[in-house]
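Colleague: predicted model follows, preceded by the sequence.
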Amino acid sequence: MSLTPMKAVIPAAGLGTRFLPATKAMPKEMLPVVDKPAIQYVAEEAARAGIDDILVIIGRNKNAISDHFDSVPELEDRLKDKGDTVRLRRVLESSDLADMHFVRQGEPKGLGHAVLRAKAHVGDCSFAVMLGDDLIDERDELLSLMIAEHERTGGAAVIALMEVDPDHIDAYGVASVEQTGAEGIVKVTGLVEKPRKEDAPSNLAVIGRYVLAPRVFDVLERTEPGKGGEIQLTDALQALATDPDGPGVYGVIFRGRRYDTGDRVDYIKAIVQLAADRDDLGPALRPWFKEFAAGL
């Protein structure tokens, strides 16, 4: 748990075009992963790390997100009257997780721009940026380790890294690193966005977790729009990594279970993996998976 105030920022203003037509009227972040929307997994992860103040950056047609984290008295009363304590508890979980706040991004101008929209809310606090496409298994520790490293280094930016098959490295931002002598911790000396396999400085890909000091806002305000006219968080992190007067950028190498819900195939895989691991669903699903796979 953090020793200093820490807030979380969840960018959720994207259009979700890869999931059309499902996301024509429903936010991508509200698509169910088994029986909870994807964004709830992310908020729960923040809460487990001791964060009780979460800001969600939303866009048009995203009101369903704020509705999900609000209380619904008529539904709660109905469940109470029926004595359905199990479903009541599950409904209350989302509204009791943390103090939830929402701000609009306006037009989506990149991840860096979305993070910049959090400046007024974050203020002088350090904060975590958590992308909803990456779900981290609750049995594995990541965010709390990143917060601890941020505090140990005196406010350095800390990013989550994961070893990736070199044949797939061109789908990620990739870090060039130096060893620190600490297990699982590296110093980031540079970042390359979606390099070719032969040009990648390592096999360490950036995944969607960042712990940042408020100084990043000053850098983002000076960052020129890049490809597609978007302000990239990667460009700001590159500036922080090469600043000789700053605390630098460090990476925590994650070797646990991560579920990518960013495209349709990986989204389906995430549902299958999480459902198969659950005590209430796994015993019925696992034999069926084997039968189904045998018939392919």
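Modeller: Received, thanks.
Colleague: for the one helix or strand Glu151 maps to, C-alpha coordinates in PDB please.
Modeller: Using DSSP states H and E, Glu151 sits in helix 143-152. Output of helix 143-152 as PDB, limited to C-alpha atoms (Å, rounded to 0.1, in the frame of the first residue of the first chain):
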ATOM      1  CA  LEU A 143       0.600  -2.100  -9.200                       C
ATOM      2  CA  SER A 144       1.600  -2.200  -5.500                       C
ATOM      3  CA  LEU A 145       5.200  -3.100  -6.600                       C
ATOM      4  CA  MET A 146       5.200  -0.100  -9.000                       C
ATOM      5  CA  ILE A 147       4.000   2.200  -6.300                       C
ATOM      6  CA  ALA A 148       6.800   1.000  -4.000                       C
ATOM      7  CA  GLU A 149       9.400   1.500  -6.700                       C
ATOM      8  CA  HIS A 150       8.100   5.000  -7.400                       C
ATOM      9  CA  GLU A 151       8.500   5.900  -3.700                       C
ATOM     10  CA  ARG A 152      11.900   4.200  -3.400                       C
END
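Colleague: give me the mean pLDDT for it.
Modeller: Helix 143-152 shows a mean pLDDT of 95.
Colleague: so what touches that helix?
Modeller: Outside helix 143-152, the residues within contact range by Cβ atoms under 8 Å, 6 or more residues apart in numbering are 1-4, 6, 45-46, 48-50, 126, 128, 130, 136, 156-160, 184-185, 209-211, 213, 250, 252. All C-beta atoms are positioned from the backbone trio N, CA, C, and that covers glycine.
Colleague: let's verify Asp279: helix, strand, or coil?
Modeller: Classification of Asp279 using DSSP: H, G, I helix; E, B strand; the rest coil returns coil.
Colleague: sorry, wrong one. I was asking about Ala128.
Modeller: When classified by three-state DSSP, Ala128 comes out as strand.
Colleague: any idea of the pLDDT on it?
Modeller: Note for Ala128: predicted pLDDT of 97.
Colleague: which non-adjacent residue is nearest it?
Modeller: Distance criterion Cβ to Cβ, 6 or more residues apart in numbering; nearest residue to Ala128, sequence neighbours excluded, is Ala8 at 4.6 Å.
Colleague: correct me if wrong: the one you found contacts Ile51.
Modeller: Yes - the criterion here is Cβ atoms under 8 Å, and Ala8 meets it with Ile51 at 4.7 Å.
Colleague: what sits in contact with each of these two?
Modeller: By Cβ under 8 Å, 6+ apart, the residues touching both Ala8 and Ile51 are Ala98, Ala128.
Colleague: list the ones among the contacts of helix 143-152 that fall in helices.
Modeller: In helices, judged by DSSP state H, the following of the contacts of helix 143-152 are found: Glu45, Ala46, Arg48.
Colleague: for the last one, what are its contacts?
Modeller: Applying Cβ under 8 Å, 6+ apart, one finds that Arg48 lies in contact with Glu138, Leu143, Ser144.
Colleague: returning to what we had before: beta partners of the residue nearest to Ala128?
Modeller: Ile54, Ala128 (DSSP bridges).
Colleague: for Arg258, see how far away it is.
Modeller: 18 Å (Cβ to Cβ, to the nearest Å).
Colleague: between the two, which has more neighbouring residues?
Modeller: Shown here are Ala8 and Arg258; by other Cβ atoms under 10 Å, Ala8 has more neighbours (25 against 18).
Colleague: any idea of the mean pLDDT in stretch 231-248?
Modeller: On average, stretch 231-248 scores 91.
Colleague: what does the pLDDT read for His121?
Modeller: 96.
Colleague: and for the nearest residue to it once chain neighbours are set aside, the neighbour number?
Modeller: Leaving aside its sequence neighbours, His121 sits nearest to Leu55 (Cβ to Cβ, 6+ apart; 4.9 Å). For Leu55, the neighbour count with other Cβ under 10 Å is 21.
Colleague: in contact with Ala239, which residues?
Modeller: Contacts of Ala239 by Cβ under 8 Å, 6+ apart are Val219, Thr223.
Colleague: which strand or helix spans it?
Modeller: Going by DSSP H and E, Ala239 is in helix 233-241.
Colleague: now the angle from that helix to strand 126-130?
Modeller: Here helix 233-241 runs at an angle of 140 degrees relative to strand 126-130 (axes from the mean of the first three to the mean of the last three Cα atoms, to 10 degrees).
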